[in-house]
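> Here is a sequence together with a model predicted from it:
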Amino acid sequence: MSYPFHIVDTEQTISDEALSRILDDFIDVKAKNAKRILILPPDITRFYSKAGFISAYLYHALKEQAEIFFLPALGTHDPMSAKEIDVMFGPDIPKELFLPHKWRTDVQKFGEISSERMLELSEGKLDYTMDVAANKLLEEGNWDLIVSVGQIVPHEVIGMANYTKNILVGTGGSDTIHKSHFLGAVYGMERIMGQIDTPVRRALNEGFDQYLRHLPIEFILTVLGPKNDKLALQGVFCGDGEDTYVEACKLSQKLNLNLLDKPIQKAIVYLEPDEFKTTWLGNKSIYRTRMAMADDGELIVLAPALHRFGEDMAIDELIRKFGYKTTDETLEAVKNNPELANNLSAAAHLIHGTTDNRFNVTYCPGDGVTQEEIESVNYKYCHYNDMIKQYPLESLKDGWNTLANGEEIFYVSNPALGLWSVKDKFISK
C-alpha cells in the first residue's frame with residue numbers, strides 16, 4: 001500500500017488487529033530508522049479516539065530502537081494524572097516519558113498570521129496578528145519523527161477537530177489559543193461546526209504550512225462512528241498533508257453528523273464522569289446540540305462529576321465573573337474589560353456556552369458544584385440525583401425516546417462524538 005494511507009471500512013469496521021497491521025505498515029514506511037520519536041496524543045477527554053491504543057502500540061513496537069516521549073496535546077486542559085495515563089495508554093509505559101504541556105510558558109513562536117489576513121478571515125471584525133506557536137520541544141528535541149495522533153470529529157472552534165489544530169492549539173501557546181478561539185466565536189459557531197474549510201482552519205493550516213513544515217510531523221487520524229449500537233473505528237488516515245485531513249473529514253461528516261427532520265423540544269445529554277468534569281468541556285452538550293434545539297426548548301445536562309467551570313483556574317475565575325450571557329453582552333464585555341480582552345479563549349468559551357436566550361439549559365451536577373454556583377453563571381439548576389429519578393439512564397437510548405407518560409425526549413450519551421442539527425440548518429461547504 002502506498003503512503004499516505006487512507007483506510008476506510010464502514011461495513012466490517014476496523015478491528016484492533018487490523019489497526020495493528022496499519023500501524024506496522026506506518027512504522028515500516030516512516031519509523032524504521034527513527035532514533036528519537038515524540039508522540040502527540042490527545043488527553044483523556046478523547047478517550048474513545050483509539051489514540052491511546054495507537055500511541056501505546058507505537059511505543060511498544062519501537063521502544064527497543066528509539067527513545068520515545070509523549071507530549072499530550074492538552075491545550076488549556078490540566079496535565080494528565082497517573083491514573084488517566086494508565087486508563088488511556090496502559091500501566092506499563094513509564095510515567096516519566098509523559099511530558100506536560102504548559103500553554104502559558106513552554107511555547108516557541110515560529111511566525112505569525114498577519115493582521116491583514118486575520119482581518120480578511122474574520123470578515124473585518126478582528127484587526128490583530130496571531131502567533132503561530134507550539135511547544136518548544138517540537139523544535140528543540142532533535143526528533144527523527146513526531147507523530148500527531150487524534151480523532152477527526154465536528155468541532156465548535158475550527159469546524160472539524162485535529163490535524164494542524166492538534167499542534168498549534170493542542171501544544172500551542174496563549175496567543176494562538178486565545179485568538180483562534182475568538183476568531184471562531186466572532187465568525188459564528190453555527191457557520192463553523194462540522195465544516196471542513198473555515199476561517200480558523202485556514203489560519204492554522206496556513207501558519208503550519210508556512211512555519212512548521214521543516215519539522216518531521218506525521219499525522220495518524222481516526223474516524224469513529226456508530227455501528228450496531230456501538231462506537232466503532234471506521235477510518236484510519238496516515239499522512240502529512242491536507243489531503244489526509246480532508247479525506248478523514250469527509251468520512252466524519254458521514255458518520256458524526258446527525259441531521260434531524262424536526263427540532264428537539266427536550267434533550268437529555270449525559271456527561272461521562274471520567275471525561276467531563278468542567279463546563280469548559282461539558283458545554284459540548286450545548287453547542288453540539290444547539291442547531292437541533294427548538295426555540296424555547298429545554299436542554300438537560302446530566303453532569304455527575306462536574307466540579308468547576310474552567311479547566312484552567314484563571315479561566316475558571318473569568319467564567320464565574322462574567323457568566324454565560326448573550327453573545328452581544330460578552331462581546332461588549334471584551335471591549336470594556338482588559339482582563340477578558342487578554343483572555344479571548346475565555347470570551348470565546350462564554351459565547352460557545354450561551355443559548356442567546358433561544359432555549360433553556362438546566363445543569364444537573366452531583367455535589368461538586370452548588371446550585372448557587374450554577375445559577376450565578378446563568379444556567380438553571382437541578383441536582384443530578386433528582387433528575388435521573390425522572391429520566392433514569394438505563395431506560396434511555398441514543399436518539400428519540402417516548403417515555404411511559406408519553407413525553408418525547410432526545411437522548412445523547414456523549415456529546416463529544418457528534419454534531420446534531422435539523423437538516424435545514426446545516427449545509428456542508
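Received the coordinates, thanks.
> Break this structure into its domains for me.
5-257, 261-425 (automatic domain parsing).
> could these be laid out in JSON lines, adding mean neighbour count and mean pLDDT?
Bear in mind the C-beta positions are built from the backbone N, C-alpha and C, glycine included. Shown next, in JSON lines, are those (neighbours: other C-beta atoms under 10 Å; pLDDT from 0 to 100):
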{"stretch": "domain 5-257", "mean neighbour count": "20", "mean pLDDT": "96"}
{"stretch": "domain 261-425", "mean neighbour count": "18", "mean pLDDT": "95"}
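> Okay, Asp78 and Val87: tell me how far apart.
Noted for Asp78: a distance of 15 Å to Val87, by C-beta to C-beta, to the nearest Å.
> How about Ile7, nearest residue that isn't a chain neighbour?
Val236 (4.8 Å; C-beta to C-beta, 6 or more residues apart in numbering).
> Which helix or which strand is home to that neighbour?
Applying DSSP states H and E as the criterion places Val236 in strand 230-239.
> Show me what that strand is packed against.
Based on contacts counted as 3 or more C-beta pairs under 8 Å, 6 or more residues apart in numbering; DSSP states H and E, the elements that strand 230-239 packs against are strand 5-8, helix 16-26, strand 217-227, helix 242-256.
> tell me the angle it makes with helix 16-26.
10 degrees (axes from the mean of the first three to the mean of the last three C-alpha atoms, to 10 degrees).
> export strand 230-239 as CSV, just CAs?
Extracted C-alpha coordinates of strand 230-239, given in CSV (Å, rounded to 0.1, in the frame of the first residue of the first chain):
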residue,chain,number,x,y,z
LYS,A,230,-21.7,0.6,19.5
LEU,A,231,-18.9,3.1,18.7
ALA,A,232,-16.5,1.6,16.1
LEU,A,233,-13.4,2.6,14.3
GLN,A,234,-14.3,3.0,10.6
GLY,A,235,-11.4,5.1,9.2
VAL,A,236,-7.6,5.5,9.7
PHE,A,237,-5.8,8.2,7.8
CYS,A,238,-2.0,8.4,7.9
GLY,A,239,-0.1,11.2,6.1
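> Tell me which residues are up against it.
3-10, 13-14, 19, 22, 26, 30, 48, 50, 152, 218-227, 244-245, 247-248, 251-252, 255, 417 (C-beta atoms under 8 Å, 6 or more residues apart in numbering).
> repeat for stretch 71-90
Against stretch 71-90 from outside (C-beta under 8 Å, 6+ apart): 38-45, 47, 51-52, 55-56, 59, 70, 93, 95, 98-101, 103, 135, 137, 148, 150, 166-167, 169-172, 177, 274, 280-281, 311-312, 315, 345.
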